[in-house]
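Novice: Quick one, what's the 3D model for this:
(one chain, ligands or ions: 1)
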Amino acid sequence: MKSIRKIIFISLFFYFPFTGNAWGVLGHRIVGQIADGYLTAKTKTAIQKILGFESVAMASNWPDFIKSDPAYKYLSQWHYVNFESGQSYQQMQAFLKADTATDAFTKVNFMVNELKKNKLLPQDMKVLYLRMLIHVIGDLHQPMHLGRPDDRGGNAIKLTWFNNPVNLHQVWDEKLIDFQQLSYTEYAAVINHPSKEQLKTWQKRTFSENIWDTYALTEKVYAETKANDNLDYLYNFKFVAAMNEQLLKGGVHLASVLNDIFK
Ligand SMILES: [Zn+2]
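Specialist: Below you'll find the model as predicted:
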């Protein structure tokens, strides 16, 4: 009897999906793998000194893996920054300039500054901040990580994906990416073809301009996805190109940030 109960409990545990919190395992690795290709030799050496044999792609998942450990609970708000719908560029920039809350924007700035201290920063903190930074820059390209506070970035918008219950945040964390059925290295190879103009534009964008750029997609997703929708082939067709561009931009942007830190 006891074991049956245990089985039921375990099945329920796996049946109810976790609240989505980040690009899934694949999304982060794709961003990391793409970034790796745009790092300077100097940056690569500096990163290796911190992470050893752990690649940028593999380091990217650590901040999600440690979420169940209470010792790291304080990091849970570092993955996103919420915005109401209908922000103008000026409103958003003013908000970001004044932002002192514990969120992805302030924490990325904080970690960049910490990592620039180089020898003054203890090795264990370098490892922590570098893994977090690699992860959170990726998150900031997932449109629902800039979502509205009242629906917790789409987590409260319940709908179905091919008739299976999910929420909007999870669709963008995992469902759309998993649907492509590619490994992270295959995925990176498929989408890593920016034009020269795209690369130039993306590489000179500031951090806050990048957030604005992603927010345009956040608004589009909210406008075109409603609670109780059943999303399937059409939704994939509609958004897959935009999602792939976000993953690619995420990689390029991450490399620019890392190259700037370790220059
Ligand atoms: Zn995350």
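Novice: Leaving aside the residues adjacent along the chain, what's closest to T218?
Specialist: P143 (4.1 Å; Cβ to Cβ, 6 or more residues apart in numbering). Any C-beta I mention is one placed from the backbone N, CA and C, and that applies to glycine too.
Novice: Next, count neighbours for the one you found.
Specialist: When counting by other Cβ atoms under 10 Å, one arrives at 25 neighbours for P143.
Novice: Which stretches in this structure count as helices?
Specialist: 2-15, 25-36, 41-51, 56-59, 62-65, 89-98, 104-116, 123-139, 168-170, 176-179, 184-191, 196-204, 207-224, 233-261 (DSSP state H).
Novice: Make CSV out of these and add mean pLDDT, mean neighbour count and distance to the ion.
Specialist: Compiled in CSV, the helices of the chain are given as follows (pLDDT from 0 to 100; neighbours: other Cβ atoms under 10 Å; distance: least, Cβ to the ion, whole Å):
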stretch, mean pLDDT, mean neighbour count, distance to the ion
helix 2-15, 45, 9, 21
helix 25-36, 97, 26, 8
helix 41-51, 98, 15, 18
helix 56-59, 98, 22, 13
helix 62-65, 90, 18, 6
helix 89-98, 96, 13, 19
helix 104-116, 98, 18, 8
helix 123-139, 97, 22, 4
helix 168-170, 97, 25, 11
helix 176-179, 97, 20, 14
helix 184-191, 98, 17, 16
helix 196-204, 96, 13, 21
helix 207-224, 97, 17, 14
helix 233-261, 98, 19, 12
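Novice: would you list these in a markdown table and tack on distance to F83?
Specialist: Formatted as a markdown table, those follow (distance: least, Cβ to Cβ, whole Å):
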| stretch | distance to F83 |
| --- | --- |
| helix 2-15 | 32 |
| helix 25-36 | 20 |
| helix 41-51 | 31 |
| helix 56-59 | 28 |
| helix 62-65 | 21 |
| helix 89-98 | 7 |
| helix 104-116 | 10 |
| helix 123-139 | 14 |
| helix 168-170 | 14 |
| helix 176-179 | 21 |
| helix 184-191 | 26 |
| helix 196-204 | 21 |
| helix 207-224 | 6 |
| helix 233-261 | 16 |
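Novice: Can you get me a residue count around Q77?
Specialist: Using other Cβ under 10 Å: Q77 sits among 14 other residues.
Novice: Tell me the pLDDT of the closest residue in space to it that isn't next to it in sequence.
Specialist: In space, Q77 comes closest to T102 once its chain neighbours are excluded; the distance is 4.7 Å by Cβ to Cβ, 6+ apart. Listed pLDDT for T102 reads 96.
Novice: Could you check how far T102 is from the ion?
Specialist: Per Cβ to the ion, to the nearest Å, T102 is found 14 Å from the ion.
Novice: out of everything not next to it in sequence, what's closest to N236?
Specialist: F179 (5.6 Å).
Novice: Likewise for M92?
Specialist: Going by Cβ to Cβ, 6+ apart, M92 has W212 as its nearest residue, at 5.8 Å.
Novice: which residues touch the closest residue to Y38 other than its chain neighbours?
Specialist: Using Cβ to Cβ, 6+ apart and skipping residues adjacent in sequence, the residue nearest Y38 is A255, 3.4 Å away. The neighbours of A255, taking Cβ atoms under 8 Å, 6 or more residues apart in numbering as the test, are I34, A35, D36, G37, Y38, L39, T43.
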